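**Q** structural data only, the sequence is not supplied:
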């Protein structure tokens, strides 16, 4: 049995529950902090600027997700491939994987900067952004995308560290960057009156700082995980494996985001107050998702290593533990936030119309958000077994195609915000049932083939 090295978690020996919690909670906290970048933007402009500025920032979330979705999926592929190598004790290839992943992140970030700046006006117009919101929304999005190389480097670098069980240091760097972001928001908006430009610049600067810390961690790592910027190059076979696993996840994320863009377009038809209210309440959806995604990522990483080591029973236990703990933590979180909902929404806005719309979303979607875990965590286990296409197809059908049909066919006949929001819990239930059925079918076959 090999001994785990510094900042490395032994996932293929010993008890699992404590290790999963130790891995997942810092990751959940990291995801919450990452969401607080946007939440801080929305809160500051909502309290110190205007509803139009708040709507301009909030309406961009689905656009950003749409454009970056492919590379978020590729970072999942990077995690799986590196964890597989570690579980199979192929440390000789990890050095190549690290340098392939970081070069992919850098190239992808430059591409996304150009794409986001070029397509921002067209996408926002297609979404039907109100004319009083559109110029500010375009300006925010273009400045935001200047920081995409940094965002990509953080996401891919964190995926490398997570592959060996280190979710603590990405949390540390994101905590420091998050505090920096909030301070810059207050400085740029309250002192310099830069409003939308100020919060966008604060986000870019804090993302650059975050990426710099992650690179520093990797450049001072021990052994095969150490990054040397002079040795950045693509390893063709590892890049191919990352793409095979990551592209289906990325396509799923992009199609999922496209369905949310369509929903956001429907939200836009209700005006700036509705856009601002949905943006405020949506932050709590993201916080809940951060918990569920953390246990989903735990399933990806723990299953990846144990699948590489051909430990079938441990793979099964990982899913059971991740699902139980993920749903449990999230239900408690939802209960606390619903009890404090009035005080929490008031952090973002004091305008009665905006608050009313935010409360509608809280009761129509947030109360049921734990259902997302029923498919996110089982999909993570499937990806950990190198089965990326099945969860991608199920998610596309359940959370994308279904939502598009609902919004384009059913919603026009019943045009209320309550009817529109019902699409979320309905799609979560359908996707959860299908994903878990697929997991039990695929699991039986996965160990019959070599990794």
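**A** That came in fine, so what should we check first? Remember, it's a predicted structure, so these values are computed and weren't measured experimentally.
**Q** helices of the stretch 1-150 of the chain, residue ranges please.
**A** For the stretch 1-150 of the chain, the helices defined by DSSP state H, counting those that start in this stretch cover 17-48, 51-58, 61-87, 94-126, 134-145, 148-163.
**Q** and the next element down the chain from the host helix or strand of residue 285?
**A** Assigned by DSSP states H and E, residue 285 belongs to helix 272-308. Per DSSP H and E, the first helix or strand lying C-terminal to helix 272-308 is helix 312-339.
**Q** and the helices of the stretch 1-150 of the chain, which one's lowest on average pLDDT?
**A** Per-segment mean pLDDT for the helices of the stretch 1-150 of the chain reaches its minimum on helix 51-58, at a mean of 70.
**Q** now the angle from that one to helix 272-308?
**A** 20 degrees (axes from the mean of the first three to the mean of the last three CA atoms, to 10 degrees).
**Q** which neighbouring elements make contact with helix 51-58?
**A** Under the contact criterion of 3 or more CB pairs under 8 Å, 6 or more residues apart in numbering; DSSP states H and E, helix 51-58 touches helix 17-48, helix 134-145, helix 195-219, helix 272-308. C-betas here are computed from N, CA, C, even on glycine.
**Q** list the contacts for residue 177?
**A** By CB atoms under 8 Å, 6 or more residues apart in numbering, the contact set of residue 177 is 33, 206-207, 209-210, 213.
**Q** how does it look with 6 Å?
**A** 206, 209-210 (CB atoms under 6 Å, 6 or more residues apart in numbering).
**Q** in contact with residue 428, which residues are there?
**A** 371-372.
**Q** actually, residue 54.
**A** 42, 45-46, 276 are the contacts of residue 54 under CB under 6 Å, 6+ apart.
**Q** measure it to residue 121 for me?
**A** 20 Å (CB to CB, to the nearest Å).
**Q** once you drop chain neighbours, what's closest to residue 69?
**A** residue 253 (3.3 Å; CB to CB, 6 or more residues apart in numbering).
**Q** err, residue 146, not the other one
**A** The nearest residue in space to residue 146 (CB to CB, 6+ apart) is residue 204, at 5.4 Å.
**Q** so what's the residue count around the one you found?
**A** 20 (other CB atoms under 10 Å).
**Q** repeat for the one 10 residues further on
**A** Summarising burial for residue 214: neighbours were counted as other CB under 10 Å, giving 28.
**Q** same question for the one 10 residues further on.
**A** Neighbours of residue 224 under the rule other CB under 10 Å: 17.
**Q** quick one: pLDDT of it?
**A** The model's pLDDT for residue 224 equals 89.
**Q** so it makes contact with residue 93?
**A** No: counting by CB atoms under 6 Å, residue 224 stays clear of residue 93, with 8.3 Å between them.
**Q** where does pLDDT dip in this structure?
**A** When residues are selected by pLDDT under 70, those of the chain lie in 1-7, 34-41, 48-51, 58-62, 66-67, 127, 447-451.
**Q** so which of the helices and strands packed on helix 51-58 is the most packed in?
**A** Mean neighbours per residue, mean count of other CB atoms under 10 Å, is largest over the helices and strands packed on helix 51-58 for helix 272-308, with a mean of 27.
**Q** from the chain's centroid, how far away is that one?
**A** 6 Å (CA atoms, centre = their mean, to the nearest Å).
**Q** just checking, what packs against that helix?
**A** helix 17-48, helix 51-58, helix 61-87, helix 312-339, helix 352-364, helix 373-384 (3 or more CB pairs under 6 Å, 6 or more residues apart in numbering; DSSP states H and E).
**Q** tabulate these (a markdown table), appending distance to residue 393.
**A** Shown next, in a markdown table, are the helices and strands packed on helix 272-308 (distance: least, CB to CB, whole Å):
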| stretch | distance to residue 393 |
| --- | --- |
| helix 17-48 | 25 |
| helix 51-58 | 31 |
| helix 61-87 | 14 |
| helix 312-339 | 19 |
| helix 352-364 | 28 |
| helix 373-384 | 11 |
